[in-house]
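Novice: Provided below are the primary sequence and the corresponding predicted coordinates.
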Amino acid sequence: MAKTASDPDPRTALATLAAARGDSLAALSAMLGRNAAYLQQYVRRGSPRILGERDRRLLSAYLGVSETVLGAPPERVTGFRIRKLDIAASAGPGAQVDGEIVLGTDTLDPGLARKLGLRDGQAAIIRVRGSSMEPGLFDGDHIVVDTADRTPRAKGGVYVIRIDDAVMVKRVALAGEALVATSDNPAAGPIPPGRIVVIGRVVWQMREPR
């Protein structure tokens, strides 16, 4: 995938990214509201010569890469694009979800993205639900999750995790060879039993003034 992201040819990059996800160019064309041959003609015949801004924006959000990978001039990309997922990470007993749906993208300051160590396609914004991580995280907060960091250490950190089909945000630490999840709010209810699967580490908090 890293090779694809650095490919100077946006047509090759698009074809490779689509194949890696198992998506056909016809399906991606339909997602854009175009005829089935639209992206195939772009990739194979160079028509259109460049993707329109709307199409490029939608494809970069879906594929989880920067618009520059798909041919956007570097000066037109004013922020680090990050996927916004339709998951409410419960700070309570756990949110039941069927899948991760991309709502679109948001942007972070490129300098902040570098400071946080974020890379294209390996970060997401999700919403917190519940009160068990107060006072650090409140219901309705949006958090930036580094999905490349899935290895909690002994000192612990705040992570988005999955236990069975429940997605939640908890403080997770490595105790021996096992992961242990806890809530910051002492009044919170028990965490459901089950194997902890780490989705990513919370690296930034986005909150409206209270």
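Specialist: In hand now; what should we look at?

Novice: ends of stretch 65-83, what's the gap?
Specialist: 9 Å (C-alpha to C-alpha, to the nearest Å).

Novice: show the average pLDDT along that stretch.
Specialist: Averaging pLDDT along stretch 65-83 yields 71.

Novice: what of stretch 21-40?
Specialist: Averaged across stretch 21-40, pLDDT comes to 91.

Novice: and it, which residues are buried?
Specialist: Buried positions in stretch 21-40, judged by neighbour count with 16 or more other C-beta atoms under 10 Å: 25-26, 28-29, 32, 34, 38-40. The way it works is simple: take the backbone N, C-alpha and C, and place the C-beta from them, glycine included.

Novice: report all helices and strands that the strand or helix carrying residue 17 contacts.
Specialist: Assessed by DSSP states H and E, residue 17 sits inside helix 10-21. The helices and strands touching helix 10-21, judged by 3 or more C-beta pairs under 8 Å, 6 or more residues apart in numbering; DSSP states H and E, are helix 2-5, helix 25-31, helix 38-45, helix 53-63.

Novice: okay, the angle between the third one and helix 10-21?
Specialist: I take that to be helix 38-45. 120 degrees (axes from the mean of the first three to the mean of the last three C-alpha atoms, to 10 degrees).

Novice: angle of helix 38-45 against helix 53-63?
Specialist: 100 degrees.

Novice: returning to what we had before: now flag whichever of the buried residues of stretch 21-40 is closest to residue 148.
Specialist: Nearest to residue 148 among the buried residues of stretch 21-40 is residue 28, at 24.7 Å by C-beta to C-beta.

Novice: the closest one contacts residue 59, correct?
Specialist: Yes: shown here, residue 28 and residue 59 form a contact pair, counting by C-beta atoms under 8 Å, at 6.7 Å.

Novice: centre of the chain to whichever strand or helix holds residue 160, how far?
Specialist: Using DSSP H and E, residue 160 sits within strand 157-163. Relative to its parent chain, strand 157-163 has a centroid offset of 14 Å by C-alpha atoms, centre = their mean, to the nearest Å.
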